[in-house]
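Peer 1: Have a look; sequence and predicted model below, questions after that.
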Amino acid sequence: MSFLGNLKDKVSQAILEKSSANSKKLTKDESFRLEYNLPDTETIIDESAAEISIVSPYTSKNSISDNTLPFFSGKIYLTQRFLVFRDVYDKRTCSFVLHISSIKKVERVPSNSYIFALSITAYSGLQYIIQYVGIRSRSEQFSHKFKIMLKENLPNVKHLRPFLETCYSEYLLSKNHCNVEEFQNQPAGGLGLKFKFPGDARKLKDKSKMRLWFEYFKAHGRNITLSRDQMFYKLIRVGLPNRLRGEIWELCCGSMYLRLDNKDEYSSILKLNEGKHSLAIDEIEKDLNRSLPEFPAYQTEEGINRLRRVLTAYSWKNTEVGYCQAMNIVVAALLIYMSEEQAFWCLSIICDRLVPGYYSKTMYGTLLDQKVYESLVQKTMPLLWEHITKNDIQLSVVSLPWFLSLFLSSMPLVFAFRIVDVFFLNGPKTLFQVALAILRINGEELLRTEDDGTFISILKDYFSTLDDSAHPNSPNEHYRSITKFQELLVVSFKEFAIVTDEMVENFRARNKNEVFQGIENFIKRTQLRNFPRTRNLTPENLSNIYDRFYQIVQSSDVKMGGGTSLMDFELYKVFMSEITDWVNLNNQYEDKNQDAFLKRLFNNWDVEKRNALTLENIVVGLNKLVEIDLMEGLSNFFELYDVDGNGKVNKEGMLLISEDLLYLTTPWRDGFKLDSITNKAIESAIADEIIKQQQLAEKINKEREDNANGNSSSNENLPEIKIPTEIDIDREKLERQQSERYLSAASMFIQRSFEYAQPEENPEVPLIDLDDNGDEADRMTKLMANAALDPTHPKYLNLPTFRMVILADETYELFFSETFRDSFHIDSKINSLNKNSRNLRDMFDGLLADGRRVANEVRRRMDTQSASSAASVSSRVQQNDNTSIKSRSHTISSFNDEEDDDFRGTPLEEDLLDNAEAQVLSEIVPSEGRDKLELANNSIVDHDVKILESFSNENKNSTTTNGKKNDPAIIEFET
Amino acid sequence: MSSANKPTTAVKLVLLGEAAVGKSSLVLRFVSNDFQENKEPTIGAAFLTQRCTIGDKTIKFEIWDTAGQERFASLAPMYYRNAQAALVVYDITKPASFIKARHWVKELHEQASKDIIIALCGNKYDLISKNNEEGEEIESNRKVSIEEGQNLAEEENLLFFETSAKTAYNVNEVFMAIGNKIPSGKKKNNDGGLGLSAGRGDNDDNNNGRVDLNAPIDAGANNANCAC
Ligand SMILES: Nc1nc2c(ncn2[C@@H]2O[C@H](COP(=O)(O)OP(=O)(O)OP(=O)(O)O)[C@@H](O)[C@H]2O)c(=O)[nH]1
Ligand SMILES: [Mg+2]
């Protein structure tokens, strides 16, 4: 069940993800937030052109007084919590993102009258001098809004100090006596602090890197006050020092702001969900021991526990994603350099922003980016791509883990972390650049392989020798000293700098539909495969039900923003109206009975009693409803009313059944649909008509022959026998007969039910003597009045009796064995079904399209008449099978009163039709009906035959009296 | 390398089964006769090859080891496409993994090559057989009975083994049994049944040097194990 449930969620999630992914036209605020990695809460409140200078406590006093401070022209933006600046020419020259709560002091700079400038001092002692460019009033306006934001951020100031205590940069400066404030305790950091960071610190020049960052922080601020210039990017490019890596990562990707804004959320999520279970937690547990096992911390409880907490907390925060393998490796890597809380927020940014959809339940992001990667390979290395496709090499086997685990599971950690450094700075395009560079560098060798095994092993070898010289044989010492890894970086970020975010986005957009379609098809196949066996539904039926179910559920889901994949009663009504003839949501008259019956079905299908149906419920329910085996089908129907499952339906239940049967048969009572009894009657009528016309024609011929007596040659020149081109069928009469048949069936049902119901407990003398000779109507009234509603004599219907009562009536028997099942339309594909067209016209069409049946009927009649004269007609009709016999459907549908008297073609002989009908009834009923009745219950056979006979007589009478005024339905035969 | 002159049949084999049941461990045992207590989960898929000799034919297994987590399932068709054999693995101490195995068998029958040879493996046999003087099973650990496995195998016409990647119990046997069922009359040039594999088969010989360099010791060790 959870397997299916899971998949269902995937489906709806895929749809939701799809709809949100499709509407990707970023607003100005959205792209602004992405560019500066700001939280989703930020919007641009105001912006202004400005020139800024940054003064640190270590800037020489001279340059300030001399007015020789470097300044940058650019644009300054104000959001709810940030002041953002970027240089107008190149963002890399100077930009900063200043958290407003870090501002200690704002002053107006005394200056001449037309220049308007502010001096902002941050807690770090850094001073930002902002000189507005532009109209004075605009500058005043900006300042005014800035003031408001400063005020609104006052409550946040108290969070500042505790936050700064978690930043290694502050501790570093304090330790070296270069901080305005004192930070004495080393902040909680990554596992590397205790278990040693990967790689050789000396070889990595960790200390000198640290020193450079130290200087940088002094002059440019740090964490939430840091301003970036060229040096910043260079420092990242050479690889981050161990102790600062975590902090720079979270600064680069923006997760630092989330951590600042959502203090304590991490711990409270953990507390809130303590002791709870989930699928994600099970999955996480399986992988805890399998995450970077070679790193010593992950062979200890401490390391494992941190990993468990971060992964678990995230699975609760984002239940849509939960947990995906590879996240364990990513988080294990983060935790080497980051505290749990840092890693938690960093993971959030990775999943939500950097690689969206990579770890989702459908993994659509992963699949999509594999496609994008392949497209990029094709574009940048067409020869290699051709080679790969020609040899059917599964590129994704090697590339998918690169993307999914950010190279952390593919190359030695020291190198992977260098790539991750750049990844946090430059975003997802980094992954593509590196992945392309790997193929480029190994291209020549790869072109020489033709199988997956060698392809993979070349790359494996490559990753294990990244530390080796890229040019071992070069005479130039400098060249020799370049490692393969350095070469990789150069190729990635120089040569493949052409791969931009925009290009990646374009390729994503191009491949999106194909990927989603693939996912949807896969999910559908999987779900259908795992349904319980349904012998009454074909795979095609199931496929159609599936499509329809999700179309209905999701069209309402999208509106409600949920993703439940459950169908409530209202949607169920819509669903049923689309697949059956007897649910009509526009018909007010039927509403009450319809609702009652549908609710009954709904409850019966709702096995788990959650007041909503899953697709599986629907499939199982429908399978029961369209049961092919008559006895089984009756049993299923009976079960609907035997709610407590004791095998008994009481008097109220019997009345309910009869009402529901009356409701269910509405389309036939209304003549909206024809059952096979009526169809046979029509066939008979047509056959009779053909024969009659044939005989007429022959008579004419004979007369002509007689007239042309003595002229021998005229025998050969006789005109061809004319096949009637039009046949009139008395539609209304047929419909009325059918309608009466159904009404009578309903009344017989209730009558017999009460008559044959078992008395509860101590059987008493039946109220009504079975030998009663009173007339039917009288009897029925008595029965209803007495037996049904008399509470002192409870009676019940059991399954055998119910079956017997149904089988006693030809119409109802046919209904359960055939008619009802035919009223479902689950074989037609979604959208290809137009319910309005399912009416009488279709019935005639269907009947006549199968010309063979009419032909057979004609032949049958002919056999009983003079065979010789009719033979030619019979064969003629047969010739026309399926091809030229068509009903002139528009004639029927456009029927109106004016045409009532327009009896085109040969006039109808009503007694012919009456005979035909009588024949149908007397022929079919006793033979088929009785056989089964005898099986069910011998004692009532005679009785029922009597009833049926009287019924057909009644009908005959009513038709003969009204016959003439009926609408003839005209059916044209094209010859 | 005594098999150099014998015809080589390349067999594409895919491993499927729930996460952490030991698919990669079985492969590692078969290919390198090794076991790792904390094997990292497979991300996406992994590809390994192993040659071994059965009777007078040499089989080169091209093994596609897939990721077990449910959300990776949509990738699986990419890997079992054209596979001639499949190993569906479950963990005999985890009932849920057996249900999952059932699903995989169903999917393979529906989607994979028609005559695919499927072996069902109840792995981690060591967990129920160790620490017992009598050599009897520690039934408390066992959650999927041998009969359940056998029944499924019978119903679906699968080879069936209970295995342990840890102790190597029955591991080679599984691969040998698959190898034995591979039609042997075929020449290497049409073993895959597809034009593409035929090309690949030719190429195998050209590249033998490279492939063998990667695992000469393992191949030797394994040949000793599995030469029947
Ligand atoms: N006791 C025991 N442990 C095993 C056995 N086989 C595998 N394991 C352990 O089970 C865990 C998972 O093994 P893997 O081989 O990685 O499982 P997998 O099926 O490849 O998992 P995914 O790649 O996530 O689908 C590892 O910790 C193995 O050491 C076995 O036969 N006995
Ligand atoms: Mg694995």
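Peer 2: Perfect, thanks for sending it. Numbers count the residues shown, from 1 in each chain, chains lettered A, B, ... in the order given. Ligands and ions are numbered 1, 2, ... in the order given.
Peer 1: What strand or helix carries residue 150?
Peer 2: This is for chain A. Assigned by DSSP states H and E, A:L150 belongs to helix A:136-152.
Peer 1: wrong one, chain B
Peer 2: Counting by DSSP H and E, B:Q150 is part of helix B:146-156.
Peer 1: Just checking that helix against chain A, any contact.
Peer 2: No - counting by CB under 8 Å from any CB of the partner chain, chain A is not contacted by helix B:146-156; separation bottoms out at 13.5 Å. Yep, even glycine has a C-beta here, placed from its N, CA and C like the rest.
Peer 1: which helices and strands does the helix holding A:L150 pack with?
Peer 2: Secondary-structure packing of helix A:136-152 (3 or more CB pairs under 8 Å, 6 or more residues apart in numbering or on different chains; DSSP states H and E): strand A:46-55, strand A:72-78, strand A:103-108, strand A:127-133.
Peer 1: got the CA positions of that helix in CSV?
Peer 2: Output in CSV follows, covering the C-alpha atoms of helix A:136-152 (Å, rounded to 0.1, in the frame of the first residue of the first chain):
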residue,chain,number,x,y,z
ARG,A,136,18.1,65.2,-4.3
SER,A,137,14.5,64.4,-3.5
ARG,A,138,14.9,60.8,-4.8
SER,A,139,17.9,60.4,-2.5
GLU,A,140,15.9,61.8,0.4
GLN,A,141,13.2,59.3,-0.3
PHE,A,142,15.6,56.4,-0.4
SER,A,143,17.1,57.6,2.9
HIS,A,144,13.7,57.9,4.4
LYS,A,145,12.8,54.3,3.5
PHE,A,146,16.1,53.2,4.8
LYS,A,147,15.4,54.8,8.1
ILE,A,148,12.1,53.0,8.3
MET,A,149,13.8,49.7,7.6
LEU,A,150,16.4,50.4,10.2
LYS,A,151,13.7,50.9,12.7
GLU,A,152,11.9,47.8,11.7
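Peer 1: how far away is the closest residue in space to A:L664 that isn't next to it in sequence from A:I498?
Peer 2: Ranked by CB to CB, 6 or more residues apart in numbering or on different chains and with sequence neighbours excluded, the top spatial neighbour of A:L664 is A:W582, at 5.3 Å. With distances taken as CB to CB, to the nearest Å, A:W582 is found 63 Å from A:I498.
Peer 1: Next secondary structure element downstream of the longest helix along chain B?
Peer 2: Ranked by residue count, the top helix of chain B under DSSP state H comes out as helix B:95-111. From helix B:95-111 onward toward the C-terminus, using DSSP H and E, the following helix or strand is strand B:117-123.
Peer 1: The next helix or strand after that following strand near ligand 1 at all?
Peer 2: With elements assigned by DSSP H and E, the helix or strand that comes after strand B:117-123 is helix B:126-129. Yes - using CB under 6 Å from any ligand atom, helix B:126-129 reaches ligand 1 at B:D126, B:L127.
Peer 1: export helix B:126-129 as CSV, just CAs?
Peer 2: The C-alpha coordinates for helix B:126-129 follow below in CSV (Å, rounded to 0.1, in the frame of the first residue of the first chain):
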residue,chain,number,x,y,z
ASP,B,126,25.0,-15.1,7.4
LEU,B,127,22.8,-13.1,9.7
ILE,B,128,20.6,-16.2,10.5
SER,B,129,23.3,-18.8,10.3
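Peer 1: Report the distance from that helix to the chain centre.
Peer 2: Relative to its parent chain, helix B:126-129 has a centroid offset of 20 Å by CA atoms, centre = their mean, to the nearest Å.
Peer 1: Next: stretch B:51-71.
Peer 2: Using CA atoms, centre = their mean, the offset of stretch B:51-71 from its chain centre is 5 Å.
Peer 1: Could you do stretch A:474-490 as well?
Peer 2: Worked out by CA atoms, centre = their mean, stretch A:474-490 lies 51 Å from the chain centre.
Peer 1: now do stretch A:686-696
Peer 2: 57 Å.
Peer 1: can you check stretch A:730-747 too?
Peer 2: Its chain's average C-alpha position is 44 Å from that of stretch A:730-747, according to CA atoms, centre = their mean.
Peer 1: Could you pull out the buried residues of it?
Peer 2: Within stretch A:730-747, the residues scored as buried using 16 or more other CB atoms under 10 Å in any protein chain shown are A:730-742, A:744-747.
Peer 1: re the thing from before, what's the closest of the helices and strands packed on helix A:136-152 to ligand 2?
Peer 2: Across those, ligand 2 has its closest neighbour in strand A:72-78 (48.2 Å, CB to the ion).
Peer 1: Just want the angle from the closest one to helix A:136-152.
Peer 2: 50 degrees (axes from the mean of the first three to the mean of the last three CA atoms, to 10 degrees).
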